[in-house]
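Engineer: quick one: sequence and predicted model below, then my questions.
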Amino acid sequence: MKRQRVQILALAVVLLALAGVFLGIRYFNQVQAQKPAEEEEAITVINPAEEDVRVMSYTYEGETITFELDGDTWYDAGDHSRKLRQYMLSVMAGEVAPLTAERKIENVTGLEQYGLEQPQATVTVETTEKSYTWYIGDKNTVTGDYYVSLPDDNTVYMVPATVVSRFQRPVEDLYDEEAESEETDGTAASEMEGSGAETE
């Protein structure tokens with residue numbers, strides 16, 4: 001009798017283990033099936049291709065900052081002599097080409113409630129064929145996302161703060177001072193060598 005109880009208990013444990021495995025596999029398959037749908041939920045705000053972007057500009061504290069691509073190098077449009085942090089400019093271009101949102105609010109009747117009646121900043125991305133402009137409004141205090149909109153459109157999009165923050169900095173933050181310092185040191189050294197040769 002005792003042996004039968006042990007066998008029954010062992011069988012119950014095995015059945016429970018098999019049920020756990022079955023439920024685990026079922027859950028895993030459901031998660032995998034949902035992944036493509038979740039990826040498709042990204043909402044496109046503007047859709048230029050990153051490799052086609054030639055100009056990026058944005059307003060910061062009343063000033064318009066513009067960067068332009070010449071070959072493979074980004075320059076400050078107002079001063080080509082300054083070296084820029086190329087990696088950061090490439091990241092900025094990648095963030096907005098295309099620009100995607102996590103949520104959109106359609107048929108908005110009052111942009112002022114999202115800080116878009118008088119937006120805090122304007123961002124423009126240009127390719128050789130087209131120009132794209134979008135506005136930055138208020139920050140959602142719950143999600144941390146920013147409200148953005150397009151010209152003459154009553155749809156409001158919610159874009160991650162990490163994207164918007166890249167366009168909320170002075171141009172000086174993007175200067176590559178280390179590269180400029182190395183270039184200055186190299187020029188000074190060359191001039192000194194040239195001066196020494198002339199003296200001899």
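Structural biologist: Cool, got the structure.
Engineer: pLDDT value on residue 22, please?
Structural biologist: Here, the pLDDT recorded for residue 22 equals 52.
Engineer: against residue 116, how distant is residue 44?
Structural biologist: 19 Å (Cβ to Cβ, to the nearest Å). No exception for glycine: its C-beta is placed from N, CA and C like everyone else's.
Engineer: again, but for residue 42
Structural biologist: Going from residue 42 to residue 116 by Cβ to Cβ gives 21 Å.
Engineer: neighbour count winner among the two?
Structural biologist: The neighbour count for residue 42 versus residue 116, taken as other Cβ atoms under 10 Å, is higher for residue 116 (19 against 11).
Engineer: name the SS class of the more buried one, please.
Structural biologist: coil (DSSP: H, G, I helix; E, B strand; the rest coil).
Engineer: domain ranges for the chain?
Structural biologist: In terms of domains, the chain is parsed into 1-34, 43-183 (source: automatic domain parsing).
Engineer: so where do the strands sit in the chain?
Structural biologist: Secondary structure of the chain (DSSP state E): strands at 43-46, 53-60, 63-70, 73-76, 99-101, 103-105, 121-127, 131-139, 146-149, 156-159.
Engineer: indicate which one of the ones you listed is closest to residue 170.
Structural biologist: Between residue 170 and those, the shortest gap by Cβ to Cβ is with strand 53-60, which sits at 6.0 Å.
Engineer: could I get the full set of helices for this protein?
Structural biologist: Ranges of helices in the chain, per DSSP state H, are 2-40, 86-96, 161-164, 177-199.
Engineer: least reliable of these by average pLDDT, please.
Structural biologist: helix 2-40 (a mean of 55).
Engineer: just to revisit the earlier point, of the strands of the chain, flag the one that's most buried.
Structural biologist: With neighbours defined as mean count of other Cβ atoms under 10 Å, the strands of the chain peak in mean count at strand 146-149, which reaches a mean of 25.
Engineer: neighbouring strands - and their directions - for that one?
Structural biologist: Sheet partners assigned to strand 146-149 using DSSP bridges are listed as strand 131-139 (antiparallel), strand 156-159 (antiparallel).
Engineer: need the contact partners of the last one.
Structural biologist: With contact meaning Cβ atoms under 8 Å, 6 or more residues apart in numbering, strand 156-159 is reached by 43, 45, 99-105, 108, 111, 114, 116, 137, 140, 143, 145-149.
Engineer: what is the mean pLDDT for it?
Structural biologist: Mean pLDDT, computed over strand 156-159, is 98.
Engineer: ditto for the first one
Structural biologist: Average pLDDT, strand 131-139: 97.
Engineer: quick check, central residue of this structure?
Structural biologist: residue 95 (3.2 Å; Cα atoms, centre = their mean).
Engineer: nearest spatial neighbour of it, chain-adjacent residues omitted?
Structural biologist: residue 163 (4.8 Å; Cβ to Cβ, 6 or more residues apart in numbering).
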